[in-house]
Structures are given as structure tokens and as C-alpha cells.
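1. Show me the folded form of this:
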Amino acid sequence: MRWLLVSHDDNSISKQCGELLEVAGQIVIYNYHHGKSSIQQIKDKIDTQKPDRIIVIINDKSSSILFNTMHDHLLIPLYIAQATMNSYSSISVLLFTCATSDTNLSVIQNATDQLVDMYSHIVNANVLTPICDEDINETYFQSLWATNSEEFHRVTILSDVLPILLALVHDGKANGHVDICNKGTISLKYFRQLNSNEIKQDIISQSIEIEDIADKFAGWNKKMISPETRQLYQASFLLPNVLKSIEQALQRQKLNVNSNKSKVLLVTGGCGFIGSTFINHWIETYPNDKIINIDRLDPVANTNNISNPNSSNYSLIVADIKNKDIVLHLCNQYNITHIIHFA
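-> Okay, here's the model as predicted:
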């Protein structure tokens, strides 16, 4: 399918949408209107590009100039709605609106909702506090809720929700207004506890609410996505709980940080053919890592298999791994981080 992605400028949400679509094998056409598009320009763009689906992203920011705010939050959605209604064929449209706490902006968004909801080919998604994975950190959460760390909020983890939302629009069965967020709520205090591993698994599993604002979206997800499309976008069948999602995101971040640190590998049987091939590859590919090779040097082993035995990051220990005391001593002496077993 051809997707036209319309936004004011290049932003994290449009990037994440585009990346997910491209991974799913879709053709993505980016259009940044910078608050200057007319209805005729939009019609011409649609007639020229002939998209099968359109996404309109409206962020939660307002301009100091009232007309620019009106253009981004009201006129652009209406232009798209009108242009697609009269186009060469029916085009499913996703209006992705970031919910706002700005009173003046919310008045404009409410007016947009009432007008856009008249069009049956539009999914009008009101997304509550959308958060990218890279923003899952205490600094960002503090910028949102520093005034009251114990107040609970609904948020949308984009990596959870976007695959579902794109799959819904892909199949074209959903339409109308829907509020979108993860199941459950979170506070700045709870985030800090998650980040420091102070919340137990049973508390996380019990945090799903019986009734939730996202129930309509969860129902769409279960009923309106075909198995083929769900697989294409890797869309979860269940709408994830926010605490569980944030916990998993924090774990991924820690793994990424640890993956960048230098490693100390204990390789067993590293003078054999397979073990030495691994060691030669690792020394060349990861020059900052250290390798401790423990081998009892059986007849099939050959120390000449190691391409660079004099490397400062390589040490050969002639010993039998059946000697537990030696293995434990090596682990403690060299602060081993990983063990690769070829013996």
C-alpha cells in the first residue's frame, strides 16, 4: 500500500510511524506542510501520489499566532477529510491527535472532533500523552508531572500502540472517534520505583483497571484486525499495561547500555577449530574486549590456530575445565562477564 504521512514538520511520531510502515513493506510518502497548505494543494498532492491510506499527525503544541494554530489543528484535518471524500476512491484516514492540557487549544481540538467525526472514512484518534521509548526516563517524566509526583496519569507508549493503530487503518474497518492509551495509569513516584526495581511483579500484574478509557480501542484491536495484518505489523492482540511496558522498556535500555561496555570472555576449548575461529573473529571485531582461553590442549587442539596470540587482549590458560576451583578463580581474577563453551 501507499501511505501519505502528513505533519507540520519532521517529528518523532512521524518518524516512528514511517519506520513501522517501511518495516511492514509499505510505501511511505512524507508531506510536511509547515502550516502553509491550502485545500487545493492537498487535493493536488492526493491526486498526484494516489495514496491508499493517509495519516495526519497533529501534535499538542500551539503557535503564538492564532491562525497558525487554527490551520494545523482545524483546517488541515478538514482539508484532508474533504479531499479524500471526493477523491478517486475511498481512502481510509487516520487523524492522530495528541491530547492537550492547553485550554485554548483544547477548544479548537473539540471543534475539530465534532466536524471530523461527521466523515465515516476517518479514524479520529485522541492519543493521551504519547511517549517514545527514548523518552522513558526520569528527566522526561519529571518534566511532565513534577508538580505532583503521586498523581496518576494515563499515557501512551507508542511502541505498544502504533502497530495496532496502523494495522487497524490498514484493514480499513474502523472509523469514528477513539481515545487511545495503554491500560492502567502511572505516576512519577511509581516510575521512580520501577526504575529502581522497587515494584514487585505481582503489583504490576494487578495494576490493570477493570474499566478503562482505552476499552473501545482494545475492542477494535481484538475484532477489526485480520490475522495476516496483525502479523504484518507485529501488533499485540492485547493492549499492554503501562507499568509492564515501561518496566520492559527500562530493561531494554539497561541491556543496550551494558552491550556498549567492554566484555571479558572466558572461552573454553578455544584452541580447537571452532573455538579458535570464534576467538579470531572476536578479537578482530571487538578490539576492546578481552578473551581468556582455557584449554587442556588435547591432541586435536593447536595453539597456532589463534591468529594473534600476542594480543594484549588475549590470554591462554592451559587447564582442565573439570577443575572447578581453577574456573572459579579465573572468573574472579579477570571479572569474567561472559562464558562461551566449546570444550
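2. which residues in the stretch 51-200 of the chain form strands?
-> Using DSSP state E, counting those that start in this stretch, the strands of the stretch 51-200 of the chain run over residues 53-58, 92-98, 122-127, 130-131, 156-157, 176-180.
3. can the ones you listed go into JSON lines with extra columns for mean pLDDT, distance to residue 46 and mean neighbour count?
-> No exception for glycine: its C-beta is placed from N, CA and C like everyone else's. Shown next, in JSON lines, are those (pLDDT from 0 to 100; distance: least, Cβ to Cβ, whole Å; neighbours: other Cβ atoms under 10 Å):
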{"stretch": "strand 53-58", "mean pLDDT": "94", "distance to residue 46": "8", "mean neighbour count": "24"}
{"stretch": "strand 92-98", "mean pLDDT": "93", "distance to residue 46": "10", "mean neighbour count": "23"}
{"stretch": "strand 122-127", "mean pLDDT": "93", "distance to residue 46": "14", "mean neighbour count": "23"}
{"stretch": "strand 130-131", "mean pLDDT": "93", "distance to residue 46": "26", "mean neighbour count": "24"}
{"stretch": "strand 156-157", "mean pLDDT": "94", "distance to residue 46": "28", "mean neighbour count": "25"}
{"stretch": "strand 176-180", "mean pLDDT": "93", "distance to residue 46": "22", "mean neighbour count": "18"}
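4. Same list, the ones you listed, but as JSON lines with distance to residue 21 please.
-> As requested, the strands of the stretch 51-200 of the chain are exported to JSON lines (distance: least, Cβ to Cβ, whole Å):
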{"stretch": "strand 53-58", "distance to residue 21": "9"}
{"stretch": "strand 92-98", "distance to residue 21": "11"}
{"stretch": "strand 122-127", "distance to residue 21": "15"}
{"stretch": "strand 130-131", "distance to residue 21": "17"}
{"stretch": "strand 156-157", "distance to residue 21": "18"}
{"stretch": "strand 176-180", "distance to residue 21": "18"}
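5. Nearest to residue 334, out of those strands?
-> For residue 334, the closest of the strands of the stretch 51-200 of the chain is strand 156-157, at 39.5 Å, according to Cβ to Cβ.
6. Does anything pack onto the closest one? Which helices or strands?
-> Contact here means 3 or more Cβ pairs under 8 Å, 6 or more residues apart in numbering; DSSP states H and E; on that basis strand 156-157 packs against strand 130-131, helix 242-259.
7. who's in contact with that strand?
-> By Cβ atoms under 8 Å, 6 or more residues apart in numbering, the residues outside strand 156-157 that reach it are 127-131, 133, 136, 180-182, 240, 242, 245-246, 249.
8. Mind listing the strands it pairs with, and their directions?
-> Each strand paired with strand 156-157, and its direction, by DSSP bridges: strand 130-131 (parallel).
9. So what touches the strand it pairs with?
-> Strand 130-131 is contacted by residues 13, 98, 140, 155, 156, 157, 158, 161 when judged by Cβ under 8 Å, 6+ apart.
10. For those residues, work out which two are farthest apart.
-> 140 and 161 (17.4 Å).
11. between these two, which one's more packed in?
-> A count of neighbours by other Cβ atoms under 10 Å puts residue 161 above the other of residue 140 and residue 161, at 25 against 13.
12. Quick one: residues contacting that one.
-> Counted by Cβ under 8 Å, 6+ apart, residue 161 has contacts 127, 130, 180, 181, 182, 239.
13. residues in contact with the residue lying closest to residue 303 once chain neighbours are set aside?
-> Excluding the flanking residues, the one nearest residue 303 by Cβ to Cβ, 6 or more residues apart in numbering is residue 271, at 5.5 Å. By Cβ under 8 Å, 6+ apart, the residues touching residue 271 are 293, 295, 297, 301, 302, 303, 305, 306, 316.
14. Thanks a lot, see you next time.
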